[in-house]
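A.B. asks: Got a predicted structure here, sequence first:
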Amino acid sequence: MKNYLVIIFLISILFLGCNPLKNQKPPEIPDNEKNTFIPAHIRNEIIIWYKDLEAKKEHSERIVANFQKLNPKMTITRESCSKCLDLTEKLTGAGLDALLEMVLDGHGDLIRSSDRKTSGATGDTSVVVSLNFLTSVFDSDSSSMHKISGIDVKHFSGKEVPVAVVDSGIDQENFPLQFLFTDFGMDECYPNGKYGYGFVDPSGDITDSTTSKHGTLVNYYILEQFLKEKVNIPRLLNVKALNRNNSGSVFGLLCSLYYAKEKGAKIINTSMGFYDNDKYFDMTDGKNPILFMMYKEHLLPNGIILVTASGNKDVSQVPSELVSQRDLTQNRFYPAVLSETDNGMPNSIITATTVNRSSNEPSQRQNYSSRHVDVGVVADKEVGEWYSFYLPFTQIGDQNRPSVSGSSFANAILTGKISAKFNPSNYLIVAKSPKSEWLDAILNPDIQSNSTDLIPYIHKGKNFRRIDE
């Protein structure tokens, strides 16, 4: 439990504008109340999230000024996602992250509900703050896709569906451009963003510079499901949030989600994420406040479906005692853990993992949870504990063709399955109805089985195959 005196001290300074006594220092956090493990984050940076422009106007300048009161020698710079997306700010200053770690034990849901007697200036969740956690995806082996052509959209019977792909970008030399989202307007907010935008180094360059071509493969797996169904026409909006090493940050992820929403995407695919096992307060359902509030205030009310990966076993992002713990209820991977599979409430986050060929066991290298994982995608190939999928658009029946593993690709296949069938005009159903009411209608025709063996790992043991072969 965090030290309430410390919380009240920081809230009073940052939000109420109190002048601390000269030379006064924040109270020390007892050793038994400190986290022993702080997830990887970018040094000297924190993120401030505002519910709306009114909250930003009220709090932004005061927060910066009062951080500087805590450390008068620190110079703080501020950066928004773009001049048109300014509800999230990244603050940079020498030692700023350490100050947040010291005062709030590494996390910052600064505004608390009044019933905890630690309320801030507004007593609600109009402002939250976080370290800028590093995000990543499992980097598969180097892969390449051949150029495919000869696909005629006249064979599709449905509507155009914009799907945002938040990843490492796309190889435009090989991917069929007719299936990319195209912005022909002169957009001053996102210059040169014809096929999407990048938030690694903000620009219209969405070239996939990873060796593994991770983002490009994700696009292909999504497209494969559209071509299989031949109903909706894909318009894939690529949002580059991962660098050439498949690494990014929570700030880049938030910016990407805002951008996808602004461009009209009702389905967003993202496999990047991070582990955070701190237990937060009731107002964010105990979850990481900055991801929870982004979902609650901007995705769910707009009926935006976020399809995400369960996450892969990672020795670098979690304490040693949790490395082998793959249950999301015990080892929280975001955004996957924000999916609630069966609580009878609206929830627009869908999580996927990979299961074995016999549909009785999840991948030993990926996370699971009957509470947070909605569906398993059956692997095409098993080699020991590695469950993988053949590259899309390769020769069916060739057992030697290349394959890739990782929950990213199970996630992409699920995104394609949902997007290919979903009627985007039903977004109000997503926003207001329990998840099962609309997700089951999409997936049930393709569910191979409700495996009883998988019930402890996946909601109702639901699983399906990538493609029949």
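C.D. replies: Okay, I see it.

A.B. asks: Show me where the stretch 251-400 of the chain has its helices.
C.D. replies: Ranges of helices within the stretch 251-400 of the chain are 289-294, based on DSSP state H, counting those that start in this stretch.

A.B. asks: Tell me where the model's unsure across it.
C.D. replies: Scanning the stretch 251-400 of the chain for pLDDT under 70 picks out 281, 314-324, 397.

A.B. asks: Burial check on the residue lying closest to S407 once chain neighbours are set aside, number of neighbours?
C.D. replies: Excluding its sequence neighbours, the residue lying closest to S407 (Cβ to Cβ, 6 or more residues apart in numbering) is A309, at 3.8 Å. The way it works is simple: take the backbone N, C-alpha and C, and place the C-beta from them, glycine included. As a burial measure, A309 scores 30 neighbours (other Cβ atoms under 10 Å).

A.B. asks: A309 against L414, yeah?
C.D. replies: No: because the distance of 9.2 Å does not satisfy Cβ atoms under 8 Å, A309 is recorded as not touching L414.

A.B. asks: which residues does L338 contact?
C.D. replies: Contact partners of L338, counting by Cβ atoms under 8 Å, 6 or more residues apart in numbering, are 287, 291-292, 295, 349, 372.

A.B. asks: swap the cut-off to 7 Å and go again
C.D. replies: 287, 291-292, 295, 349 (Cβ atoms under 7 Å, 6 or more residues apart in numbering).

A.B. asks: so, if you compare those residues, which one comes nearest to I222?
C.D. replies: Using Cβ to Cβ, I349 is the member of the contacts of L338 that lies nearest I222, at 17.4 Å.

A.B. asks: so what pLDDT did D52 get?
C.D. replies: Reading off the confidence values, D52 has pLDDT 90.

A.B. asks: Could you do P434 as well?
C.D. replies: Note for P434: predicted pLDDT of 93.

A.B. asks: Count the neighbours of the nearest residue to it once chain neighbours are set aside for me.
C.D. replies: Taking Cβ to Cβ, 6+ apart as the measure, P434 lies nearest to G344, with 5.3 Å between them; neighbours along the chain are not counted. The local packing count at G344 equals 9, with neighbours defined by other Cβ under 10 Å.

A.B. asks: so G344 sits right up against K435, yeah?
C.D. replies: No: here G344 does not reach K435: they are 9.2 Å apart, not a contact under Cβ atoms under 7 Å.

A.B. asks: Give me the common contacts of those two.
C.D. replies: Counting by Cβ under 7 Å, 6+ apart, no residue touches both G344 and K435.

A.B. asks: Not including adjacent chain positions, what is the nearest residue to G303?
C.D. replies: Using Cβ to Cβ, 6+ apart, the closest residue to G303 is Y427 (2.9 Å).

A.B. asks: for whichever strand or helix holds that neighbour, which positions count as buried?
C.D. replies: In this structure, Y427 is located in helix 427-432 according to DSSP states H and E. By neighbour count, with 16 or more other Cβ atoms under 10 Å as the criterion, the buried positions of helix 427-432 are 427, 430.

A.B. asks: Could you do stretch 394-414 as well?
C.D. replies: Residues 403-414 are the ones in stretch 394-414 that count as buried (16+ other Cβ under 10 Å).

A.B. asks: same deal with stretch 88-99?
C.D. replies: If you call a residue buried by 16+ other Cβ under 10 Å, then stretch 88-99 has these buried ones: 88-93, 96-97, 99.

A.B. asks: Check stretch 67-84 too.
C.D. replies: Burial within stretch 67-84, assessed by neighbour count using 16+ other Cβ under 10 Å, is assigned to 67, 70, 76, 80-82.

A.B. asks: how close does the residue nearest to S407 sit to E61?
C.D. replies: Between A309 and E61 the computed distance is 38 Å (Cβ to Cβ, to the nearest Å).
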